[in-house]
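Peer 1: Quick one, structure for this:
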Amino acid sequence: MVSAPPTTRDIQVLSVGADTLMLRSRSWARLKFEVEYALQRGTTSNSFLIKGDKVALRSLPGESFTELFLEQLQQLVLPAELDYVILGHINPNRFATLVKLLQLAPHLIVVCSNPGAITLRALLEAAREKNSTDSTQTIPDPELYVVKGQETLDLGKGHRLELIPTPTPRWPDGICAYDPKTAILYSDKFFGAHVAGEQVYDDGAKIYEADRKYYYDCLMATQISQVETSLERLAPWSASAQIYAPVNGPLLRQGALEIFQSYQAWNHQQATQTLSVAMLYASAYGNTAILSQAIAHGITKAGVAVETINCEHISPEEIREVISRTDGFIIGSPTLGGHAPTPIQTALGIILATAEKSKLAGVFGSYGWSGEAIDLLEEKLKNAGYSFGFAPIRVKFTPSDAILQQCEEAGTDFAQALKKAKKVKQVARPLATPVEQAVGRLVGSLSIVTAQRGDATGAMVASWIAQASFNPPGLTVAVAKDRAIESLLYPGDQFVLNLLEEGKHIPLMKHFLKPFGPGEDRFVGIETKQAQSGLPILKDALSYLECRVQSRMDCGDHWLVYCTAEAGDVFTPPGKAAVHYRTTGTHY
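Peer 2: All right, here's what the predicted structure looks like:
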């Protein structure tokens, strides 16, 4: 986690091109309980002020920055001088800042897509109803410039912004933009990362590589067809752009084209998976969308592709088409007035009428005071004869870290059950080659890795461990990509390596090798004590090391995690470490 300064929230103002300023709203605290924020490395929300003959503001931060942002903005430009605000996506959080801005500049023209205009009108209507008795909270009715296709917004002085709609299920109102005067590609949610720090540009540096890949895995890997379409639309400017300016994280200069190509490669990898799952949902307040994202992340980790379907922004024909070609489906719903919203009822009807009964199913949802919609989905699918890949997930209000972990693990279980049902795994392994037999002679100390972040915990048996450096004392641990604990082992995270003692390792091995349900406590019945970091140490271990992750390397079906040891001790000095002997390098 990035160290927080004395002030955990601020706004930087920097010149990033001719007539172009960036207002960088930084927070070192976690702003949301969403899976893409789970690394807890802070975040930046980037806005841009472009001063041509007309003045445009690109993007707005959320309401936690509203007062700071508007105070800073008025030091740079008078409200009367603003002409446009260009919104790549609109949600209630950013809407709060927009309302305050419109009260300062009621003449402001809001540039948005058609889905964005629909959302904005609904938010305006709801806000006016809420404030109908408060005459001091007048909300202006802004003029809308609705972008229906690729269009040009001429600000003068050479700033001819190419507006590029880039809708996805998560952000159906997405708009990117390119300014030929500064060669800046305003890439909205694409190519971002949730980190806060002093580095403004990621000039080909590798320090944020894992953060950008994690951001992609959480937000883009579950909507690959729409991401592919958006990348095709952005391709004409991908090479000529000198700066990629996402709404989150450092800007990219030297590493810009490289990240574009990485997105293409990552997307291709997802698109070529053998199995795929349809993730259908609707979300009234955003909580059901968060759950869908966490479940989908667990599925993609296990090597199964996900096609996300926001039922509020897709036609019945498109739902039917996706359901027909995917191998399983998961459907999630909020409960509104004791019922599932109409788009979910429509999707359920299509599933019951068209989806083969052999397809694996899943149900989840969020609710405030009751959860009838989730019960309805479960009952209808169960009565129709579908099998479930995980127990239905019901979450009241905003999910916690532990709930997100449960959802992610449920997604991984679903993917593994789907592979088993489709007989993807080999029934029998072929004889190991001489090379594989030789690799199998590599030995490692048997150990238990224990980790925790917030109220999310994890543990796994590990033997692919090796010392990697003397100074600082460092080691590597290989972690399979579909392991639940993998999400707790990113740069900055801490964990404990508990080395097991020869002759006393069997009970701990049996405990941690047994299957656990999604979110199940791995430490029930196990004696532990707290390390200096607050993480659990196993009392029956031979020795332990408190480690901090420094970097990760993608090694096919595993991550190689390099960490440094910050503390440790030996409980039984005469004891010997238990060692894992194998005869083949094809499996554990």
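
Peer 1: for residue 297, what are its contacts?
Peer 2: 35, 217-218, 221-222, 408, 411, 487 (CB atoms under 8 Å, 6 or more residues apart in numbering). For the C-beta atoms, the positions are set from N, CA and C on the backbone; glycine is no exception.

Peer 1: Quick check: buried residues in the helix or strand containing it?
Peer 2: Under the criterion of DSSP states H and E, residue 297 resides in helix 287-301. Using 16 or more other CB atoms under 10 Å as the test for burial, helix 287-301 gives 287-301.

Peer 1: Counting neighbours, which of the contacts of residue 297 comes out on top?
Peer 2: Comparing those by number of neighbours (other CB atoms under 10 Å), residue 411 comes first, having 33 neighbours.

Peer 1: Which residue, neighbours along the chain excluded, lies closest to it?
Peer 2: Spatial nearest neighbour of residue 411, excluding adjacent residues (CB to CB, 6 or more residues apart in numbering): residue 298 at 2.6 Å.

Peer 1: List of residues touching stretch 197-214?
Peer 2: With contacts defined as CB under 8 Å, 6+ apart, stretch 197-214 is touched by 2, 12, 14, 22, 24, 36, 39, 41-42, 191-195, 243, 249-255, 258-259, 262, 266, 490-491, 551-552, 554.

Peer 1: Give me the pLDDT for residue 1.
Peer 2: The per-residue pLDDT reported for residue 1 equals 50.

Peer 1: re earlier: which helices and strands does the helix or strand following the helix holding residue 297 pack with?
Peer 2: For helix 287-301, the succeeding helix or strand toward the C-terminus, using DSSP H and E, is strand 305-310. Counting contacts by 3 or more CB pairs under 8 Å, 6 or more residues apart in numbering; DSSP states H and E, strand 305-310 is packed against helix 224-238, strand 276-281, helix 287-301, helix 316-325.

Peer 1: Can you name the residues that contact residue 485?
Peer 2: So residue 485 contacts 449, 451, 458-460, 479 (CB under 8 Å, 6+ apart).

Peer 1: circling back to that earlier point, and the contacts of residue 297 as JSON lines, adding secondary structure, pLDDT and distance to residue 524?
Peer 2: Shown next, in JSON lines, are these (DSSP: H, G, I helix; E, B strand; the rest coil; pLDDT from 0 to 100; distance: CB to CB, whole Å):
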{"residue": "35", "secondary structure": "helix", "pLDDT": "89", "distance to residue 524": "25"}
{"residue": "217", "secondary structure": "helix", "pLDDT": "94", "distance to residue 524": "30"}
{"residue": "218", "secondary structure": "helix", "pLDDT": "93", "distance to residue 524": "29"}
{"residue": "221", "secondary structure": "coil", "pLDDT": "95", "distance to residue 524": "33"}
{"residue": "222", "secondary structure": "coil", "pLDDT": "93", "distance to residue 524": "32"}
{"residue": "408", "secondary structure": "helix", "pLDDT": "96", "distance to residue 524": "20"}
{"residue": "411", "secondary structure": "helix", "pLDDT": "97", "distance to residue 524": "23"}
{"residue": "487", "secondary structure": "helix", "pLDDT": "92", "distance to residue 524": "21"}
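
Peer 1: Need the max-distance pair from the residues you listed.
Peer 2: Using CB to CB, the two most remote members of the contacts of residue 297 are 222 and 487, lying 15.0 Å apart.

Peer 1: Where does pLDDT dip in the stretch 401-550 of the chain?
Peer 2: Within the stretch 401-550 of the chain, the segments meeting pLDDT under 70 span 424-429.

Peer 1: mind listing the strands for it?
Peer 2: Listed in chain order, the strands of the stretch 401-550 of the chain (DSSP state E, counting those that start in this stretch) span 444-445, 447-453, 456-462, 465-469, 474-480, 494-499, 528-530, 536-538, 543-555.

Peer 1: now the stretch 151-300 of the chain
Peer 2: 151-154, 160-165, 175-179, 184-188, 201-202, 243-246, 251-252, 276-281.

Peer 1: For residue 86, which of those strands is the nearest?
Peer 2: strand 175-179 (6.5 Å).

Peer 1: Show me what that closest one is in contact with.
Peer 2: So strand 175-179 is contacted by 17, 20, 50, 58, 86-89, 111-113, 116, 147, 153, 159-166, 184-188, 190, 230, 233-234, 237, 241 (CB under 8 Å, 6+ apart).

Peer 1: That one: partners in the sheet, and parallel or antiparallel?
Peer 2: Partners of strand 175-179 in the sheet, by DSSP bridges, are strand 160-165 (antiparallel), strand 184-188 (antiparallel).

Peer 1: With mean neighbour count and distance to residue 312 added, can I get those strands in a markdown table?
Peer 2: Output for these, formatted as a markdown table (neighbours: other CB atoms under 10 Å; distance: least, CB to CB, whole Å):
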| stretch | mean neighbour count | distance to residue 312 |
| --- | --- | --- |
| strand 160-165 | 20 | 17 |
| strand 184-188 | 28 | 20 |
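
Peer 1: between the ones you listed, which gets nearest to residue 345?
Peer 2: Comparison of the strands paired with strand 175-179 against residue 345 by CB to CB identifies strand 160-165 as nearest, at 28.8 Å.
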